[in-house]
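Novice: sequence below, structure please.
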Amino acid sequence: MARYIGPKTKIARRFKDPIFGPDKSYEKKNYPPGQHGQAKRKKKQSEYGIQLLEKQKAKYTYGILEKQFANIFDKASRKKGITGVVLLQLIEARVDNVVYRLGIAPSRSAARQLVSHRHITVNGGVVSTASYTLRIGDVVSVREKSKTLEIITDSLASRANQYPWLEWNKDSMSGKFASYPEREQIPENIKEQLIVELYSK
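Specialist: Sure, this is the predicted structure:
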């Protein structure tokens, strides 16, 4: 499965937002990449360009490929509710994202690797597909033989963020997907309405 493994700071600078988390290099060069990154650009961005940039930003933030993203949007558009919010809720329900949110992994890319290497279970069964979508009430756990993995123990030791839609059990190293998050509970700086407008063209 193709994944973006290139320079992350360069991508973050393109979106003018540290989408991959704290980054010292981004802080030093907080302007678009390229030879003329600091120069003011006179060219006005088109409406389509702004919408496309927002979709790309969401894709890079969550580590989702184009076809997967389009499929999630199609699913969101057929559900009740505000399409943009439902889109983000469905993405947040992916098992790789929940592993990251629970603090089991330090990043989404690390979470995907833990899932694909069969270190994570859902309701007691091993799940190796990062795009697996959780349902309300599903329990995500670290496999018994994986609980001493350094990447997991280090990540949990520095676990700071707690999210109201997830319930964490420290003793069993498991978390429950209690509900879909409300829009204001999702910290990512994504203008989902622009994505909806792009796909509606």
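Novice: stretch 72-85: which residues count as buried?
Specialist: Within stretch 72-85, the residues that count as buried by 16 or more other C-beta atoms under 10 Å are 72-73, 76, 83-85. (Each C-beta comes from the backbone N, C-alpha and C, glycine too.)
Novice: please produce TSV containing these, extended by secondary structure, distance to V142 and pLDDT.
Specialist: Shown next, in TSV, are the buried residues of stretch 72-85 (DSSP: H, G, I helix; E, B strand; the rest coil; distance: C-beta to C-beta, whole Å; pLDDT from 0 to 100):
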residue	secondary structure	distance to V142	pLDDT
I72	helix	26	97
F73	helix	31	97
A76	helix	29	97
T83	helix	34	97
G84	helix	33	97
V85	helix	30	97
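Novice: now F69: how far from G125?
Specialist: Look at F69 and G125: by C-beta to C-beta, to the nearest Å, they are 26 Å apart.
Novice: so if I had to pick from those two, which one is more boxed in?
Specialist: The neighbour comparison of F69 against G125 (other C-beta atoms under 10 Å) goes to F69, with 19 against 6.
Novice: now do the contacts for that one.
Specialist: Residues near F69 by C-beta atoms under 8 Å, 6 or more residues apart in numbering: 55, 58-59.
Novice: now with 7 Å, please.
Specialist: By C-beta atoms under 7 Å, 6 or more residues apart in numbering, F69 lies in contact with K59.
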